[in-house]
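**Q** Predicted model, plus sequence, below.
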Amino acid sequence: MRIINLTEFRALPAGVVFAKYEPCFFGELCVKDDTIDCTCDFYYSELCCDFEHGGSSDFVDKLATAQQDRTHSIPVDFHGVQRDGLFERDQLFAVYEQADLDAMIEKLRSCVGA
């Protein structure tokens, strides 16, 4: 894993796995999508806890149902893309390299069927 700044991050292609980073703290695991040229924004997909919903009240309702009914399942959405519009010039990013991704995939495979 490498820690890089916003300029370096924006130059990376879509498909890079990353987490926003502050010294000694990592944000959510995400996949970078396209960079928006006219701003410092970019698109990304979350790898954790994102699911299809019809807005904020539907989001809350689905989570409340899952919390109350432990048999209720919410399908996770790995394809939704969001815009990061929280421009912070000093933002750092932890970018996962191929060896990191290979180890992560192997760990996830070991969880199948658990």
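**A** Arrived safely, thanks for sending. If you're wondering where the values come from, they're calculated on a predicted model, not measured in any experiment.

**Q** what's the spacing between Gly27 and Leu86?
**A** 11 Å (Cβ to Cβ, to the nearest Å). All C-beta spots, glycine's among them, are computed from the backbone N, C-alpha and C.

**Q** The two: who's more crowded?
**A** Gly27 (13 against 9; other Cβ atoms under 10 Å).

**Q** Thought Tyr21 was touching that one, still the case?
**A** Yes. With contact defined as Cβ atoms under 8 Å, Gly27 and Tyr21 form a contacting pair (7.1 Å).

**Q** what residues are shared contacts of the two?
**A** Residues touching both Gly27 and Tyr21 (Cβ atoms under 8 Å, 6 or more residues apart in numbering): none.

**Q** mind checking which helix or strand of this structure has the lowest mean pLDDT?
**A** Taking mean pLDDT, DSSP states H and E as the measure, strand 82-84 is the helix or strand of the chain with the lowest mean score, a mean of 90.

**Q** For that one, give me every contacting residue.
**A** Against strand 82-84 from outside (Cβ under 8 Å, 6+ apart): 36, 41-46.

**Q** who does it pair up with?
**A** Here strand 82-84 is paired, per DSSP bridges, with strand 42-46 (antiparallel).

**Q** need the next SSE after the partner strand, C-terminal direction.
**A** Counting by DSSP states H and E, the element after strand 42-46 in chain order, helix or strand, is helix 56-68.
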